[in-house]
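1. here is a sequence with its predicted model. Questions after.
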Amino acid sequence: MQHACHWPGCEVETPPSLFMCRPHWHALPRALRRAVWDAYRKGQERDKDPSREYVAAARAALDWALGAVLTGAGPAMSQRTVIVGTGHKGAQALRTLARLRPGDVLRLVREPANAFDRDAVAVYAGPQHLGYVPRQHNAGLARTLDDDPASLVAVLTAEAIVSDGKVRFAPKIEIRDRLDDLLTRSADA
């Protein structure tokens, strides 16, 4: 059983025991994350009986998230797409994809000198080049990345995983803005 992340506007499926998807969880201030985590009781998602402390901490986190979205200080959704061209990146790219899980944060890198597409936006997991954002989705992203190379990230979605647990050949991603600091934080989690 899954539920949608509680971040306003986010539809990323997460396990019921998690309050938010990984990128949005790490977008919360550490004190709010700690308060939610400290008040969480294992099994409360099954018996639907969270403590008053948990409800208060969750409300505080949601209030902060809503304020961040409304003021533009927090991450805002951009678009959903897929990674294309992974099959051309070799066996190491496929092995890297197989290790990824929903919520993993991927890096977007502009390739203005790309011989096939001057608006090319490459997708990386660490140092591994996985493929590209499809041409029909990359022009606006390219301009944004040209203005601020760290302004966008991609997050692997639950739809990227097929029933046997393997990553799809063209895994689905969600591109989000203002999450550049999550690359470092997600590696630390």
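-> Everything's here; your move.

2. quick check: longest helix of this structure.
-> helix 52-71 (DSSP state H).

3. list the buried residues of that helix.
-> 54, 57-58, 60-62, 64-65, 68-69 (16 or more other CB atoms under 10 Å). For the C-beta atoms, the positions are set from N, CA and C on the backbone; glycine is no exception.

4. ok, the spatially closest residue to residue 135 that is not a sequence neighbour - contacts?
-> The shortest distance from residue 135 to any non-neighbouring residue, by CB to CB, 6 or more residues apart in numbering, is to residue 117 (5.5 Å). In this structure, residue 117 makes contact with 111, 132, 135, 138, judged by CB atoms under 8 Å, 6 or more residues apart in numbering.

5. residue 117 in helix, strand or coil?
-> With DSSP: H, G, I helix; E, B strand; the rest coil as the basis, residue 117 sits in coil.

6. that older thread, now tabulate the buried residues of helix 52-71 in CSV and tack on distance to residue 81 and pLDDT.
-> Output for these, formatted as CSV (distance: CB to CB, whole Å; pLDDT from 0 to 100):
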residue, distance to residue 81, pLDDT
54, 35, 94
57, 34, 93
58, 31, 93
60, 33, 91
61, 28, 91
62, 28, 89
64, 29, 84
65, 24, 83
68, 24, 72
69, 21, 67
